[in-house]
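Next input, structure requested:
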Amino acid sequence: MSDTTPKSASTFGFIRRNIREYGILFALVIIMALFQVLTGGILFRPVNLTNLFLQNSHIVIMAVGMLLVIVAGHIDLSVGSVAAFVGALAAYMVVKMGLPIPLVILLSLVAGAIIGGLQGYWIAYWKIPSFIVTLAGMLVFRGLTMLLLQGQNISPLGADFQLISSGFIPDIFGVGKPNVLSLVLGWGAAIAILLLQIRNRKREEATGTVDEPFAFFAVKNALIFLALSWMTWTMANFRGLPNVFIVMAVLVAVYAFISERTTIGRRIYAIGGNAKAAKLSGINAERVVFLTFVNMGMLAALAGVVVAARLNAATPKAGVGFELDVIAAVFIGGASMAGGIGTVIGAVVGAFIMGVMNNGMSILGIGIDTQQIIKGLVLLAAVIFDVSNKSKG
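Next up, the predicted model:
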């Protein structure tokens, strides 16, 4: 049958089977092109492109953790409050206690992991619904944030602490513009991704498991390579790559590898797909779920530190609504409400869809009320698409 199937039919079948992946990529491209036109070219200016990464770094950081939580069949509503609390804790350690910044970062991550573990314990071992546990956590850690700050901001946190979020990679080659080190890192990453995709394609061809038509493979990877190369050149000629961009890139690479190439990653998907079957196959589902929440708490803590560094302050209102943006990013990125489906790259694309929308609408002067309505409708559309796509399958 494969010999007589028309190529167009094969291509159409591939699109249908991978509609989640390609749908969100097309959506991101269309949204970016739309706002580039509507803003008169402001969206892709170097300063705005840099701001886009800085303003959405915390969402991307938390989205990679939330993806694993949702794939496992759970939810975490507390991430905004945990980020606020750990950000306040970090600010307190820096300003009030005078601790060195590396130690503050380490202690903040440990605090986040402990918080995630406390919540994960009740969810994994006591089988209390994650919605209830993390809703309680959202209230508890919001209250603890206010208690720690006593209703006051803690600021300034110092120029060194701000470098975590708003600093840029120094050009060790001393050229200035363009930032040569940024070019080396950015273009090196683009080449590495392209070579990795080519190697994976050859492996699939050798085993006879190739599903993606070559035209799709070539066009997709060419566009990704060109986009990364252009973005690197643009930012290198401005101030270079932001420090937090490197953090995001490393996290995305590490968690994409964990979710796709490791045993723990496969177990998370198995639990989300069918928890009973996963347990019968010998998977310690309780421990895996527990670890996903430990990981989520740690990433929420990192996001809290990044936000505090960007604001140069810890505030009682920090983190409000973060959980909604993070969860929306994961669902828009193709994750399924039922669990077992979703990718790290999809979650990141979803985060940038939300980020571009926020940024573009702000440039256009659209009010926050209208922005909330539009984001809500986009999330609803993504969930409806998930349900309809599943029913057709």
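
Excluding chain neighbours, what is closest to Val47?
Nearest residue to Val47 in three dimensions, chain neighbours excluded: Phe238, at 6.6 Å (C-beta to C-beta, 6 or more residues apart in numbering). (C-beta placed from N, C-alpha, C; glycine too.)

Kindly report the same for Asn274.
Of all residues not flanking Asn274 in the chain, Gly340 sits nearest, at 7.5 Å (C-beta to C-beta, 6+ apart).

At the geometric centre of the protein, which residue sits there?
Central residue of the chain (C-alpha atoms, centre = their mean): Val60, 2.8 Å from the mean position.

How about the contacts made by it?
By C-beta atoms under 8 Å, 6 or more residues apart in numbering, the contact set of Val60 is Met248, Leu251, Val252, Val348, Ala351, Phe352.

now, which of the residues you listed sits nearest Ile191?
Val252 (17.0 Å; C-beta to C-beta).

distance of the residue nearest to the centre of the chain from Ala215?
Using C-beta to C-beta, to the nearest Å, Val60 is found at 30 Å from Ala215.

Is it correct that Leu185 is in contact with Ile169?
Yes. Contact criterion C-beta atoms under 8 Å: Leu185 and Ile169 qualify, at 7.2 Å.

sorry, back to before: then the residue nearest to Asn274 would be within a helix, right?
No. Under the criterion used here (DSSP: H, G, I helix; E, B strand; the rest coil), Gly340 is coil, not part of a helix.

and it, what does it touch?
Val71, Gly73, Tyr269, Ala270, Ile271, Gly272, Gly273, Asn274.

For it, give its distance to Asp76.
For Gly340, the distance to Asp76 - C-beta to C-beta - is 17 Å.

same thing with Ala236?
Distance of Ala236 to Asp76, given as C-beta to C-beta: 36 Å.

ok, those two, which is more surrounded?
Neighbour totals were compared for Ala236 and Asp76, and Asp76 leads with 31 against 25 (other C-beta atoms under 10 Å).

how close does the more buried one sit to Leu103?
27 Å.

quick one, domains of this structure?
With domains defined by automatic domain parsing, the chain comprises 20-167+264-392, 170-241.

most tightly surrounded among those domains?
The highest mean neighbour count among the domains of the chain, using mean count of other C-beta atoms under 10 Å, belongs to domain 20-167+264-392: a mean of 20.

what's the distance between it and the middle of its chain?
Centre-to-centre, domain 20-167+264-392 and its host chain are 7 Å apart (C-alpha atoms, centre = their mean, to the nearest Å).

now swap in stretch 257-274 and tell me
17 Å.

The chain should start at 44 in everything you say after this.
OK, 44 is where the count begins now, so the last one is stretch 300-317.

Give me the next element, helix or strand, following the helix or strand bottoming out on mean pLDDT in the chain.
Within the chain, judged by mean pLDDT, DSSP states H and E, the helix or strand with the poorest mean is helix 50-60; its value is a mean of 63. Beyond helix 50-60 in the direction of the C-terminus, DSSP states H and E gives the next helix or strand as helix 62-81.

Against which helices or strands is that following helix packed?
On a contact count with 3 or more C-beta pairs under 8 Å, 6 or more residues apart in numbering; DSSP states H and E, helix 62-81 meets helix 387-406, helix 411-435.

Kindly report which one of the ones you listed carries the lowest mean pLDDT.
With a mean of 80, helix 411-435 has the lowest mean pLDDT of these.

and that helix, what does it pack onto?
Looks like helix 411-435 contacts helix 62-81, helix 365-375, helix 387-406 (3+ C-beta pairs under 8 Å, 6+ apart).

Need the overlap of contacts for Leu228 and Ile212.
The overlap between the contact sets of Leu228 and Ile212 (C-beta under 8 Å, 6+ apart) consists of Leu284, Ile289.
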